[in-house]
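# Predicted structure and sequence below. I'll ask about it afterward.
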Amino acid sequence: MGLDHLLTRRDVLGATAGALAAACTYGLRADEKPASKRSALEQPRIALLGAGWRPDIKRNGRGIAIGKQAVQHAEMGIVCDVDSDAVAYACQTICQGDSQISDDYRKALESDDIDAVIIAMPDHWHAKM
């Protein structure tokens, strides 16, 4: 049995690169439109999940602090929190009430006009979201 039937490293790399290139193009069509119809020059729209505000101790949470920083560079599209008082306060504090509010984070995740999501909730919620 001779060694002439063995594959070289170059053969393996070439076959792998070809298969990878084919896999990357699978499902892409030239006539597909981009998901967003907005201009690339517009500010991105973001969603904030979790306000972190506690009315009983009058403390701004992590979500409000991060949201205040984010609206300097992006447009706040939706603020989500299960506490209706917290989400209303966060929306008013962060963007003067100019965004949607919701008590269901799935609304923000399913929205087509949201470009990025800030998850300001406890760690055990991150994987689920």
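Happy to help now that I have it.

# got a list of contacts for whichever strand or helix holds K107?
Using DSSP states H and E, K107 sits in helix 105-110. Helix 105-110 has contacts (Cβ atoms under 8 Å, 6 or more residues apart in numbering) with 47, 49, 77-78, 80, 102, 114, 117, 129. Every residue, glycine included, has its C-beta placed from N, CA and C.

# Ranking helices and strands of the chain by mean pLDDT, which lands last?
helix 9-25 (a mean of 71; mean pLDDT, DSSP states H and E).

# Determine the number of other residues adjacent to R45.
When neighbours are defined as other Cβ atoms under 10 Å, R45 has 18 of them.

# Give me the phi and psi angles of it.
phi -100, psi 130 (degrees, to the nearest 10).

# any idea what sits nearest it, other than its immediate chain neighbours?
Spatially, and ignoring its direct neighbours in sequence, R45 is nearest to G77 (3.9 Å; Cβ to Cβ, 6 or more residues apart in numbering).
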